[in-house]
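Visitor: turn this into a model:
(3 chains)
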Amino acid sequence: MTKLSVTELSRDLRDAITQLETTEGLEKVGIVTRVGDGVAWVHGLQNAGYSEVLTIESDAGDVEAFALNLNEDEIGAVLLGSDSEVKAGARVTLKGETLSVPVGPELLGRVVDPLGRPLDGGAPIKTKQRGVVEREAIGVMGRKSVHEPLMTGIVSIDAMFPIGRGQRELIIGDRQTGKTAIAIDTMINQAKQKTGVVNVYVAVGQKLSKIARLVDRLKEEGVMDQTIIVATGPSDSASLLYLAPYAGTAMGEYFRDNGEHALMIYDDLTKHAVAYRQMSLLLRRPPGREAFPGDVFYLHSRLLERSAKLSDDLGAGSLTALPIIETQAGDISAYIPTNVISITDGQIFLETDLFYQGIRPAISAGLSVSRVGGAAQTKAVKSVGGNLKLGLSQFRELASFAQFGSDLDDATKSQIDRGRRLTELLKQSQYQPMGVWEQFVSIHAVTSGLFDVVDPERIKDAQGALVAKLWTDHKAEMRELNKGDKPSDDLIELIDSVTKTVAKGFED
Amino acid sequence: MQSIVTFIASAEASDGGIMGAFGIDVPTLIFQGVAFLLLVVVLGKWVFPVFMAAVDRREERISESLKAADEARQAADTAGEDVARLLKEARNEANEIVSTAKQEAAVMVQDAETKARNKAEAIAAASLEELNKEVLAAKKMLRDETLDLVALATEKVVSKTVSDGVDANLIKASLKEAGER
Amino acid sequence: MAQRISRRKLSEHVASRLLNGDSSVITQLAAHLVETRRTKEADLYVYDIEATLLNKGVVVADVVSARHLAQETKDAIASFLQDSYSADRVELRQSVDPLLIGGVRVGTADAEYDASLRRRLTKLQKMKV
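Guide: Modelled structure (predicted):
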């Protein structure tokens, strides 16, 4: 327990008083000529650099801002605090550095704002290092191709659209389709499978109640210890919303550059683009399509390019990104969605129709893609994923004939039944990510035909029984299978025999 | 026809002999013999086969029924064996299921225990965290209050004690320090 | 309507004419501001003109102190400014503000040197976390 030590307190105060003895010398100053809507226009400071931090003195303490508009007569500085504290005529000084945030393992388990200030009521964060918020992405030679899997624990994704470490995979869909749920399950799976991947969840303009619920859930699942949450609410200034993804990336880059692996989740970039639009319009920058400034593509491209898999020379660390974009009425051809789709290495498209049909996660197998694909898939799941994809695509083709039940030939009927079983199999509850072995045995049971005797509506029960039985009776073999290598023929035989036994119990 | 009968009647009265002594009339005998042979032929050709066929058929049916009865008996025996085998298998399976269920139940109980223990630890850790937060907040408040008081005291004291000379020296000293930077 | 001339360009023009000894430029500037309805920026023009003069070796500084300063002190301040800006000329504008308690505050067009006691006390109070 932190003790209330009087000696520590008095030493602290003595240090503060000692600091007063030093004088600063001639300091460059400017003055605020006008302020409003989160932007302060400053006169003077002709040597200010782009994105340099300015300190504005006010009665309630110093307010920081960063210079974004360097005009001939004045500087347009975006405030990082409330503009109600800043008055015209206030003194402005240069901090001499661009915006940086504290980075390091001390941030793990904390909820912070984009400037690194704690929001969880805990101790102030003291880190050994600071990371620059705006940084150039690694060049071509510093990268390696993506070859390690990042297991999300969600069967449809790991089997059909596998994500690798260092990849950018967009999660796109309408509101309330389960986008954040996929991101949360991925985070939980990293803790469950003890992968050692650090999660950085950046909430851009998300409701604070939602963030609080997320923190509680992560604590419950034991994930919070390897997670950093950078939180901004809808009532925060546009500048903080704009900075949040970059600040979060700086925190993630610390782990990447030190040979570790980190996962970035940007929830969501649509609100980020809107905040940037607000800032640009207030800075009087010319509006373009949909009133977005001309560099809104660059806004996201420079952010997402920082997610990469580093070469062995640079430590072989990786930074994987799962940006989230919210569409309106399923329109993925709108401005921001098309921008981000062209930047990322694939997308997972969530459909409202599927969601309301009860297919959750509501992943559209037809429109989703992973451009890294099999290179980043565990061999075990890869061996069954092909049949799964094939079965589902054949089912999709025949889906419209499914209503003609009795009028079809046997081959068609069996394909439709197989497809129904696969669709049922891919349904997954929230907060229950599955390991490699569970995914393998489940998919294999259906694609090999061993579960053909089970009624499609009971597939989930049969899957549960199979998994439980295998874990109880053959724990060692399942642990071995969980490592990801393609299973031997003996192991497959063993799994098949157990599957047959379980299937008999669910026979019609 | 009448003439034949008249002939046989008249012949019978006049001719006697040995046959006549026994009462056997030879023409009648011959006639009866022929009639008998005719009967035999008729029976043999038309009646006997029908009877024999009927008898054969009956015999066939009887032997078939006997065969069927034998087979049925055999089938009953085999069925009995099958049932016994199936019952045995079912009993084994039931035992297996029961033992698996017991194992799974044990695992579930263990899991529940671990979960409960973890939850208790989490609650304890959370309350400790809350306490720490409160202490930190108290420290911060104390520090801020002290700073305010020190500043106020200094202001009050210094404005009364600083004279022109002291002020001038102060200015010169700080200018010198700034110039050296 | 003529294109708006930037304040910096205008100030540079005024400063160079002032250095050449042409003080009528001030009246012309005032008239221009009235005509273009930019009179509210008058203070900013003064700053910019002084900033240009700084670059050309003429320092104009505001000196605020808690008490009247002796000549010795004023000379010390002037020499400090001359060293800092490598200036040829230094002009001081003096004023008294008892709220500073002690020390002095020297302000030029683009910089400030605040060695007043008021500032140190404010700094102390700002150390509140």
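Visitor: so where's the chain shaky on pLDDT?
Guide: I went with chain A, as the question did not name one. A:1-4, A:21-23, A:402, A:404-406, A:508 (pLDDT under 70).
Visitor: actually it's chain C I care about, not the one you picked
Guide: In chain C, residues with pLDDT under 70: C:1-2, C:128-129.
Visitor: what segments of it are strands?
Guide: Under the criterion DSSP state E, chain C contains strands at C:58-65, C:89-96, C:104-107, C:111-114.
Visitor: those strands: which one's closest to residue A:474?
Guide: For residue A:474, the closest of these is strand C:111-114, at 76.7 Å, according to CB to CB. The way it works is simple: take the backbone N, C-alpha and C, and place the C-beta from them, glycine included.
Visitor: residues in contact with the closest one?
Guide: Contact with strand C:111-114 is made by A:24-29, A:91, B:178, C:80, C:105-107, as judged by CB atoms under 8 Å, 6 or more residues apart in numbering or on different chains.
Visitor: distance to residue B:131 and neighbour count added to those, as JSON lines?
Guide: Shown next, in JSON lines, are these (distance: CB to CB, whole Å; neighbours: other CB atoms under 10 Å in any protein chain shown):
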{"residue": "A:24", "distance to residue B:131": "40", "neighbour count": "16"}
{"residue": "A:25", "distance to residue B:131": "45", "neighbour count": "17"}
{"residue": "A:26", "distance to residue B:131": "48", "neighbour count": "20"}
{"residue": "A:27", "distance to residue B:131": "43", "neighbour count": "13"}
{"residue": "A:28", "distance to residue B:131": "46", "neighbour count": "17"}
{"residue": "A:29", "distance to residue B:131": "44", "neighbour count": "21"}
{"residue": "A:91", "distance to residue B:131": "41", "neighbour count": "18"}
{"residue": "B:178", "distance to residue B:131": "47", "neighbour count": "18"}
{"residue": "C:80", "distance to residue B:131": "53", "neighbour count": "23"}
{"residue": "C:105", "distance to residue B:131": "46", "neighbour count": "19"}
{"residue": "C:106", "distance to residue B:131": "50", "neighbour count": "26"}
{"residue": "C:107", "distance to residue B:131": "49", "neighbour count": "18"}
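Visitor: hey, C-alpha coordinates of stretch A:128-136 in PDB?
Guide: Taking Å, rounded to 0.1, in the frame of the first residue of the first chain, the C-alpha atoms of stretch A:128-136 are listed here in PDB:
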ATOM      1  CA  LYS A 128      12.000   5.900 -19.200                       C
ATOM      2  CA  GLN A 129      11.400   6.800 -22.800                       C
ATOM      3  CA  ARG A 130       9.200   9.000 -24.800                       C
ATOM      4  CA  GLY A 131       8.000   8.200 -28.400                       C
ATOM      5  CA  VAL A 132       7.400  10.800 -31.100                       C
ATOM      6  CA  VAL A 133       3.700  10.900 -32.100                       C
ATOM      7  CA  GLU A 134       4.300  11.600 -35.800                       C
ATOM      8  CA  ARG A 135       7.000   9.300 -37.100                       C
ATOM      9  CA  GLU A 136       7.900   8.100 -40.500                       C
END
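Visitor: how about that stretch: buried residues?
Guide: Buried residues in stretch A:128-136, counted by 16 or more other CB atoms under 10 Å in any protein chain shown: A:130-134.
Visitor: same question, stretch C:36-49
Guide: Applying a neighbour-count criterion of 16+ other CB under 10 Å, the buried positions in stretch C:36-49 are C:38, C:41, C:44-45, C:47-49.
Visitor: among these, which lie within helices?
Guide: C:44-45, C:47-49 (DSSP state H).
Visitor: check which helix or strand covers whichever residue of the stretch 201-350 of chain A sits closest to chain B.
Guide: Among the residues of the stretch 201-350 of chain A, residue A:219 lies closest to chain B, at 7.2 Å counting by CB to the nearest CB. For residue A:219, the element it lies in under DSSP states H and E is helix A:208-220.
Visitor: tell me the one of the buried residues of stretch C:36-49 nearest chain A?
Guide: Closest to chain A out of these is residue C:44 (5.3 Å), distances taken as CB to the nearest CB.
Visitor: identify the residues contacting the nearest residue to the closest one once chain neighbours are set aside.
Guide: What sits nearest to residue C:44 in space, not counting adjacent residues and going by CB to CB, 6 or more residues apart in numbering or on different chains, is residue A:43, at 5.3 Å. Going by CB under 8 Å, 6+ apart, residue A:43 touches A:30-33, A:73-75, C:44, C:47.
Visitor: and for residue 11, the neighbour number?
Guide: Using chain A. Here the number of neighbours of residue A:11 (other CB atoms under 10 Å in any protein chain shown) works out to 11.
Visitor: looking at chain C here, not the other one
Guide: Counted with other CB under 10 Å, the neighbours of residue C:11 add up to 23.
Visitor: hang on, the earlier thing: which of the helices or strands spans the residue nearest to residue C:44?
Guide: Taking DSSP H and E as the definition, one finds residue A:43 inside strand A:39-44.
Visitor: tell me what the following helix or strand past that strand is packed against?
Guide: Using DSSP H and E, the helix or strand that follows strand A:39-44 towards the C-terminus is strand A:52-56. The helices and strands touching strand A:52-56, judged by 3 or more CB pairs under 8 Å, 6 or more residues apart in numbering or on different chains; DSSP states H and E, are strand A:39-44, strand A:63-70, strand A:75-79, strand A:91-98.
Visitor: what angle separates the second one from strand A:39-44?
Guide: Following axes from the mean of the first three to the mean of the last three CA atoms, to 10 degrees, one obtains 80 degrees for the angle between strand A:63-70 and strand A:39-44.
Visitor: quick one: list the elements packing against the helix or strand harbouring residue B:52.
Guide: Take DSSP H and E as the rule and residue B:52 turns out to sit in helix B:48-161. Where contact means 3+ CB pairs under 8 Å, 6+ apart, helix B:48-161 is packed against helix A:6-19, helix A:459-473, helix C:117-126.
Visitor: quick one: residues in contact with the helix or strand following the longest one.
Guide: Using DSSP H and E, the helix or strand that follows helix A:459-473 in sequence is helix A:475-481. Applying CB under 8 Å, 6+ apart, the set of residues contacting helix A:475-481 from outside is A:380, A:436-437, A:440-441, A:470-471, A:487, A:491, A:494.
Visitor: residue C:6: which of these is nearest?
Guide: Within those, proximity to residue C:6 (CB to CB) peaks at residue A:436, which comes in at 65.1 Å.
Visitor: now do residue A:451 against residue A:458, distance only.
Guide: Using CB to CB, to the nearest Å, one gets 9 Å for the distance from residue A:451 to residue A:458.
Visitor: between these two, tell me which one has more neighbours.
Guide: Remark: of residue A:451 and residue A:458, residue A:451 carries more neighbours, 27 against 16, as counted by other CB under 10 Å.
Visitor: right, and the more buried one touches residue A:461 too?
Guide: No. The pair residue A:451 / residue A:461 is not scored as a contact, 11.1 Å apart, by CB atoms under 8 Å.
Visitor: what does the stretch 151-300 of chain A have sitting close to chain B?
Guide: A:219-220, A:222 (CB under 8 Å from any CB of the partner chain).
Visitor: for the strand holding residue A:43, which positions count as buried?
Guide: Neighbour counts using 16+ other CB under 10 Å place A:39-44 of strand A:39-44 among the buried residues.
Visitor: quick check: domain ranges of chain C?
Guide: Using automatic domain parsing, the domain ranges for chain C come out as C:1-56, C:59-129.
Visitor: quick one on the thing from earlier: any chance of the buried residues of strand A:39-44 in a markdown table, plus distance to residue A:253?
Guide: Putting the buried residues of strand A:39-44 into a markdown table (distance: CB to CB, whole Å) gives the following:
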| residue | distance to residue A:253 |
| --- | --- |
| A:39 | 29 |
| A:40 | 30 |
| A:41 | 33 |
| A:42 | 31 |
| A:43 | 36 |
| A:44 | 34 |
